[in-house]
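A.B. asks: structure for the following, please:
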Amino acid sequence: MRINQRKITLIVWVAMLTLFSLSSRAQLYSLTSTDFYIYFDSDSYVVSSSQHDLLINKILQIGGTNIKEIYVEGHTDTFSTAQYNQVLASKRAQATVQALVQMGVPVRFIKTESFGESQVISQNQKENRRAKIFFIYETDNKSRLSPPKFIVIKTIDKKTKKPINASIGFDYKDQEMRFATTSKSGISGTFEMLGEELKISASAVNYLSVYYDVPSSDLDKPRDTLVYTLELAKVKITGSFTFNNIYFFTDTDEIKPESTPELHKLLALLKRNSVSFIEIQGHMNYPLDRPMNAIQSQYNKELSYKRAKAINDYLVKSGVDQKRLTYVGMSNSRMKFKFPASKAQEDQNKRVEIYTLKEI
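C.D. replies: Numbers count the residues shown, from 1 in each chain. The predicted structure is shown next:
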């Protein structure tokens, strides 16, 4: 029996990472893997629209921000020469990488290998003209609730009790966030709860953002649909401040040590405005070398939200009352420079804005 040494190495690597993840994160995460295939026309390395759609659906199913590593293998049928097929397989692997990058997958997550015609798997040559995509991704240990629970959110003005059109965030512990909106009637759609621990956020223009932790006791209620009403207080902006020198490690919400001087300035600002509510807005730059899509949009929303929350958590640890603080992820919706022409302009897009607010 022929043994695929590379696959064994990958399996061992995944197992080791899983053990590391479980031990270092108190069993909150595990790693899993799956194979996926896309197919090419004869003598072609172009990813067709149908195969492109299948690939993007697979990434959405996994969750773009959960992906930790991708291995792409290029393969061919046995037509033509072995040398020609080796080159063709390499081009198929690279075309697949390009498609993944355009979908928002960071290129540093991707490794490639070309096998040419050396790993034929079928007498049907169509099945040999393929790229094999080996995903390694992070999953949480919690399963969906059983029996399932559903959730509906209503958003209203705190004083008038009239409905508000608001943005909703579902921040599950240790898994990818979900985002939605309430309609003009102030009512969201019906969503399945994906875990036992959930913080709901609601934000709207000229309103103070609110947060609500779903009580675990509610999961024991006999109702299959839980309805929560969030009241947002109307506010006016009394001041705005921009901080461009708060830095994060790439693709994370971990604040870099060199941000300390700017964070100290922020703390001083809050002390001078000790009676104001504060909104922390996290803004991102968007790389223009690939188009915006559902994966990148979801990724930007979640990362900007978590970066704003990281600043919020820093301030709370530094003695600021959480009741004064709100945080919002703005993604790249308010770039100062839509087409940045320099690193300085990119840095101005990647900023933190602080608004002092007064309830009215």
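
A.B. asks: where does Ser44 land in three-state SS?
C.D. replies: Put simply, Ser44 is coil when judged by DSSP: H, G, I helix; E, B strand; the rest coil.

A.B. asks: ok, now how distant is it from Ser342?
C.D. replies: The spacing between Ser44 and Ser342, counted by Cβ to Cβ, to the nearest Å, is 39 Å. Placement of C-beta: from N, CA and C, glycine included.

A.B. asks: who's more crowded, those two?
C.D. replies: Neighbours were counted for Ser44 and for Ser342 using other Cβ atoms under 10 Å; Ser44 has more, 13 against 9.

A.B. asks: which residues does that one contact?
C.D. replies: Listed by Cβ atoms under 8 Å, 6 or more residues apart in numbering, Ser44 has no contact partners.

A.B. asks: with Asn349 instead?
C.D. replies: Counted by Cβ under 8 Å, 6+ apart, Asn349 has contacts His283, Met284, Asn285, Tyr286, Asn332, Met335, Lys336, Phe337, Pro340.

A.B. asks: where do the strands sit along the stretch 251-360 of the chain?
C.D. replies: With DSSP state E, counting those that start in this stretch, the ranges of strands along the stretch 251-360 of the chain come out as 277-282, 325-329, 352-359.

A.B. asks: re earlier: report the lowest-confidence entry in the contacts of Asn349.
C.D. replies: Of all those, Tyr286 has the smallest pLDDT value, namely 70.

A.B. asks: report how many residues lie close to the nearest residue to that one once chain neighbours are set aside.
C.D. replies: Closest residue to Tyr286 apart from its sequence neighbours, by Cβ to Cβ, 6 or more residues apart in numbering: Asn332 at 3.9 Å. Neighbours of Asn332 under the rule other Cβ under 10 Å: 19.

A.B. asks: so how far is Arg351 from Asn332?
C.D. replies: Asn332 is 11 Å from Arg351, by Cβ to Cβ.

A.B. asks: need the contacts of Asn349 in JSON lines with distance to Asp77, can you?
C.D. replies: Converted to JSON lines, these look like this (distance: Cβ to Cβ, whole Å):
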{"residue": "His283", "distance to Asp77": "49"}
{"residue": "Met284", "distance to Asp77": "43"}
{"residue": "Asn285", "distance to Asp77": "43"}
{"residue": "Tyr286", "distance to Asp77": "40"}
{"residue": "Asn332", "distance to Asp77": "43"}
{"residue": "Met335", "distance to Asp77": "46"}
{"residue": "Lys336", "distance to Asp77": "51"}
{"residue": "Phe337", "distance to Asp77": "48"}
{"residue": "Pro340", "distance to Asp77": "45"}
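
A.B. asks: now, of those, which are buried?
C.D. replies: His283, Met284, Asn285, Tyr286, Asn332, Met335, Pro340 (16 or more other Cβ atoms under 10 Å).

A.B. asks: just the residues you listed now: which is nearest Arg130?
C.D. replies: Distance to Arg130 across the buried ones among the contacts of Asn349 (Cβ to Cβ) is lowest for Tyr286, with 32.3 Å.

A.B. asks: looking at the strands of the stretch 251-360 of the chain, which is nearest to Val152?
C.D. replies: strand 325-329 (22.2 Å).

A.B. asks: how far does stretch 220-237 sit from its chain's centre?
C.D. replies: Chain-centre distance of stretch 220-237: 24 Å, with Cα atoms, centre = their mean, to the nearest Å.
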